[in-house]
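> take this sequence and fold it.
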Amino acid sequence: MLDFFFSPAYAQAAAPSQPNALIQFAPLVVLFVLFYFLLIRPQMKRSKETRQMIDKIAKGDELVLAGGLAGKVVNIGESFLTVEVAEGVNVKVQKSAVGSVLPKGTLKTL
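Now for the predicted structure:
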């Protein structure tokens, strides 16, 4: 009759052992490697290509600025460029505002 109200007591199983620390951190390592190859590395490559493009700009190059303005480089300073956007109209812009360098003669076709 007492078995109906109280369940019999059984011995507990031994506590499970702790998993290896390397196995615990493996998902974090995989996630970091994934972020590196999908986000960090391509951004570094793009930044390097942009820096090289800006360093190679020479007087007379035709370029498009980040705002969509197109013109020809008239003067080059340390961190600024003077760009001729129309005959007699010069604009001074930062080098970082350069969007792309155009092939020679492109402005005449625009």
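
> so where is this structure shaky, pLDDT-wise?
Scanning the chain for pLDDT under 70 picks out the ranges 1-9, 11, 13-17.

> domains for this structure, by residue range?
With domains defined by automatic domain parsing, the chain comprises 19-56, 58-110.

> buried deepest among the ones you listed, which one?
Each of the domains of the chain was given a mean neighbour count from mean count of other C-beta atoms under 10 Å, and the largest, a mean of 13, is that of domain 58-110. Every C-beta, even on glycine, is put in place using the N, C-alpha and C of the backbone.

> report the separation between the two terminal residues of that domain.
With C-alpha to C-alpha, to the nearest Å applied, domain 58-110 spans 21 Å between its terminal residues.

> related to what we said a few turns ago, JSON lines for the domains of the chain, including distance to Gln12?
Converted to JSON lines, the domains of the chain look like this (distance: least, C-beta to C-beta, whole Å):
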{"stretch": "domain 19-56", "distance to Gln12": "20"}
{"stretch": "domain 58-110", "distance to Gln12": "66"}
